[in-house]
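> just to be clear, the model below is a prediction. Sequence and coordinates:
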Amino acid sequence: MGQGWASWLAYLVLATLVVTASCGALWGGA
Amino acid sequence: MNARRFGGAHSPGATPGAVVRAAGSGGGFRGWSLFLLPSPLLLAGLTALMAGDGLRGLVDLAAYADLMLAAFLLREGQRAEAAYDARPVAQPPAFPRKLVAAVLAASGVGMATGFGWGQLAQGGTGIATTAVFAGLTLVCHILAFGLDPMRPKAVGAPGADSARIAAALDEAEARIDTIAALAKTLRDREIEQRIAALLTQVRGMLGLIGADATDLDRARRYLKVYLTGAEAATRKYAAHAGQTTDAAIRAEYLSLLTTLEGSFESGRAVLLDNNRTDLEVEIEVLRDRLGQEGA
């Protein structure tokens, strides 16, 4: 795992996307 | 000298205990967190259903199920990869779990963003948002967790029949596990430790076989006699030990373990020397010995 920081960064973005989409569905439904 | 020659960074199996080390750790937390992060989606689905918005509720729940399946497949993929890494010779997983997990995660986030959140209904920018969310999810999932191992691994043996080698090693591993489990039931520290030491040596030999597959046929025959004998003897002793505490039987079993240790040393040396005839002799000697005391 030479690019440890890149994989963590990707994880953080992924986590943010999942949480944002989920919370968006919870509060911002059309 | 074969052991030296192939004992580089690419033969993890050459280190005894590599198999034990493989499971878990590294990325474990991140993998697990993906089961929790989509929770608001579950809530959103249930809330929408209760509010009578059936369609949106179902979409939310479908997206949630999608993400759960993705998290599950990722975990399975990580396990398969750990097993693959632990073996010196291995086949790639037949089903690319991590890749499918990434695609499912992207579609789940896309569904949640587009329909649950309602971005698609907002036209231009909303459609772009949905596409970016889904696309980024796919890319980040692959960057964060990687893809499945795709190629067969056959260290130091180009063109060897790696499927056969992998199967032979798997079989030996399974036997080792059985013997270790049997040894545990004996509740006898000395025996347990000696068996553990023995099995560590066998694992080391498996690493050598993986590194130099020309040995496979001979080594496999030897290991089969060896492990079959050890398993049968241990099983038999376990059955006896449960009923009596006869010191003679225990002594006999311990002497068999000594024989196994000695035989393994010479078998290993012969294997490294690539001496065909001598290994045949070793196999015969071992057979005789196990025939007397083992089976």
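Cool, the structure landed. Numbering: from 1, shown residues only, chains lettered A, B, ... in the order given.

> residues of the stretch 101-250 of chain B that sit close to chain A?
Residues of the stretch 101-250 of chain B found near chain A (C-beta under 8 Å from any C-beta of the partner chain) are B:105, B:109, B:112-113, B:116-119, B:121-122, B:133, B:136-137, B:139-141, B:143-146. From N, CA and C alone the C-beta is placed, and that goes for glycine too.

> mind doing that once more with 6 Å?
The stretch 101-250 of chain B comes close to chain A at residues B:109, B:112-113, B:116-118, B:121, B:133, B:136-137, B:140-141, B:143-144, as judged by C-beta under 6 Å from any C-beta of the partner chain.

> residue boundaries of the helices in chain A?
Assigned by DSSP state H, chain A shows helices spanning A:4-27.

> ok, now chain B?
Per DSSP H, chain B carries helices over the ranges B:2-6, B:18-22, B:28-36, B:39-50, B:54-86, B:97-111, B:124-145, B:162-186, B:189-211, B:216-243, B:247-273, B:276-293.

> and the residue of the stretch 151-295 of chain B nearest chain A?
Residue nearest to chain A within the stretch 151-295 of chain B: residue B:153 (18.2 Å; C-beta to the nearest C-beta).

> next up, the contacts around that residue.
residue B:90 (C-beta atoms under 6 Å, 6 or more residues apart in numbering or on different chains).

> how much space between it and residue B:85?
In this structure, residue B:153 and residue B:85 are 9 Å apart, going by C-beta to C-beta, to the nearest Å.

> re the thing from before, which residues does the residue of the stretch 151-295 of chain B closest to chain A bridge with?
As for beta bridges, residue B:153 partners with residue B:90 under DSSP bridges.

> can you give me the pLDDT of it?
You'll see residue B:153 listed with a pLDDT of 72.

> check residue B:64 and give its pLDDT.
Confidence score, pLDDT, at residue B:64: 96.

> what about it, distance to residue B:36?
12 Å.

> these two: which has the busier surroundings?
Between residue B:64 and residue B:36, residue B:64 has the larger neighbour count (other C-beta atoms under 10 Å in any protein chain shown), namely 25 against 11.

> pLDDT below threshold where in chain A?
A:1-3, A:29-30 (pLDDT under 70).

> can you list the residues of it near chain B?
Residues of chain A that fall close to chain B, judged by C-beta under 6 Å from any C-beta: A:7, A:10-11, A:13-15, A:17-19, A:21-26, A:28-30.

> make a ChimeraX selection of the buried ones in those residues.
Listed next is the ChimeraX selection for buried residues among the residues of chain A next to chain B, using 16 or more other C-beta atoms under 10 Å in any protein chain shown:
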select /A:7,10,11,13,14,15,17,18,19,21,22,23,24,25,26,29
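
> one step back: deepest of the helices of chain B, which one?
Of all the helices of chain B, helix B:97-111 carries the top mean neighbour count, a mean of 24, counting by mean count of other C-beta atoms under 10 Å in any protein chain shown.

> which ones are touching residue B:59?
Counted by C-beta under 6 Å, 6+ apart, residue B:59 has contacts B:115, B:116.

> what's the neighbour count on whichever residue of the stretch 101-250 of chain B sits closest to chain A?
When distances are taken as C-beta to the nearest C-beta, the stretch 101-250 of chain B reaches nearest to chain A at residue B:118, 2.5 Å away. By the criterion of other C-beta under 10 Å, residue B:118 has 17 neighbours.

> next up, phi/psi of it, please.
Here is the backbone geometry of residue B:118 (degrees, to the nearest 10): phi 80, psi 20.

> for it, give its distance to residue A:26.
12 Å.

> which intervals of the stretch 101-250 of chain B have sub-threshold pLDDT?
Residue ranges of the stretch 101-250 of chain B with pLDDT under 70: B:154-163, B:208-217, B:242, B:244-245.

> dump the residue contacts of residue B:201.
residue B:264.

> ok, 10 Å please
B:16, B:260, B:261, B:264, B:265, B:268 (C-beta atoms under 10 Å, 6 or more residues apart in numbering or on different chains).

> from those residues, pick the one nearest residue B:289.
Comparing those against residue B:289 with C-beta to C-beta places residue B:260 closest, at 8.7 Å.
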